[in-house]
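**Student:** predicted model and sequence below, questions to follow.
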Amino acid sequence: MRRSDGILLTFLAALAVASPARAERVVQAPAPAVDAAPTRKLETAVFAGGCYWGVEGVFSHVKGVHLAVSGFAGGPRGRQVDYERVSEGDTGFAESVRVTYDPKVVSYGTLLRVFFSVVADPTTLNYQGPDRGTQYRSALFPLNAEQAKAADAYLAQLGKSGLWREPIVTKVERFTGFQDTAPDHQDFMRKNPRHPYILRWDVPKVAALKAMYPALYRDKPSA
């Protein structure tokens, strides 16, 4: 789905007014039974959970997150792509967000909990909200053995939690690199708070973060 299409934006504007419901059902995901031990002062994690605007928007409001950058992950190592190419859905890349965080303030496991509570539905295969295609799949890209251990354990924990009727389809995928998206897609939620797509699909996610995890929420987003 090309979110830049003018006709689509007109439709989404009407939908935002008529249907203010959240994009995905908010779920109180469990605290992780297994977490990742920190390996450095600042850690980096990569998440794919549908449109990167909302994923970045949520993580930028989490205490301990220093930077959230939108881009692409999951495709062949060394292949160069951009938004238009990834939007065709046949590159293997997914819209993703690279999160730099202080593990003394927020752990990788806590970021996983936030992700599955208010960002991504782990039962929807190759789509989130209105966006369809492999580029909108939900996936975790561990950057080290500790993250891989925690990610595998958490997906297994979610599968046994009974919170969702459908099976968990989110995958742990091999990290092959991350490419930043274009500047006009970075910090999109902060720069475009009245955009119809943001109002309809992403503002409710940030509101859910604030309501569900007030101790983790910060009002001013990170860079």
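**Tutor:** Sure, I can see it. Numbering: from 1, shown residues only.

**Student:** now the element after the worst-scoring helix or strand of the chain on mean pLDDT, going C-ward?
**Tutor:** Every helix and strand of the chain was ranked by mean pLDDT, DSSP states H and E. The lowest is helix 6-18, at a mean of 43. Using DSSP states H and E, the helix or strand that follows helix 6-18 in sequence is strand 43-49.

**Student:** can you list the strands that that following strand pairs with?
**Tutor:** Here strand 43-49 has these sheet partners by DSSP bridges: strand 94-101 (antiparallel), strand 138-141 (antiparallel).

**Student:** who's in contact with the first one?
**Tutor:** Residues lying outside strand 94-101 but in contact with it, judged by Cβ atoms under 8 Å, 6 or more residues apart in numbering, are 42-52, 55-56, 59, 62, 64-74, 86, 111, 134-137, 139, 141, 178, 181. No exception for glycine: its C-beta is placed from N, CA and C like everyone else's.

**Student:** check stretch 68-85 too.
**Tutor:** Residues contacting stretch 68-85 (Cβ under 8 Å, 6+ apart): 46, 48, 52-53, 55-56, 59-60, 86, 91-100, 137, 139, 141, 173, 175-182, 185-186, 188, 222-223.

**Student:** ends of it, how far apart?
**Tutor:** Taking Cα to Cα, to the nearest Å, stretch 68-85 runs 22 Å from one end to the other.

**Student:** so which residue is smack in the middle of this structure?
**Tutor:** In the chain, the C-alpha nearest the mean C-alpha coordinate belongs to Val55, at 3.3 Å (Cα atoms, centre = their mean).

**Student:** that one and Phe47, how far apart?
**Tutor:** 6 Å (Cβ to Cβ, to the nearest Å).

**Student:** what residues are shared contacts of these two?
**Tutor:** Common neighbours of Val55 and Phe47 (Cβ under 8 Å, 6+ apart) are 96-97, 115, 119-120.

**Student:** to Lys205, which of the strands paired with strand 43-49 lies closest?
**Tutor:** strand 94-101 (12.7 Å; Cβ to Cβ).

**Student:** please save the CA atoms from the closest one in CSV.
**Tutor:** Only the C-alpha atoms of strand 94-101 are listed here, as CSV (Å, rounded to 0.1, in the frame of the first residue of the first chain):
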residue,chain,number,x,y,z
ALA,A,94,10.6,-5.4,6.0
GLU,A,95,10.0,-1.9,7.2
SER,A,96,11.9,-1.9,10.5
VAL,A,97,13.2,0.3,13.3
ARG,A,98,16.6,0.3,14.8
VAL,A,99,16.4,1.2,18.5
THR,A,100,19.4,2.4,20.5
TYR,A,101,18.8,2.1,24.2
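
**Student:** average pLDDT for that strand?
**Tutor:** The average of the pLDDT scores along strand 94-101 is 98.

**Student:** report the distance from that strand to the chain centre.
**Tutor:** 7 Å (Cα atoms, centre = their mean, to the nearest Å).

**Student:** which is the next helix or strand following it?
**Tutor:** Criterion used, DSSP H and E; the element after strand 94-101 is helix 108-114.

**Student:** each with direction, which strands does the helix or strand following that following helix pair with?
**Tutor:** Per DSSP H and E, the first helix or strand lying C-terminal to helix 108-114 is strand 127-128. Strand pairing for strand 127-128, determined by DSSP bridges: strand 131-132 (antiparallel).
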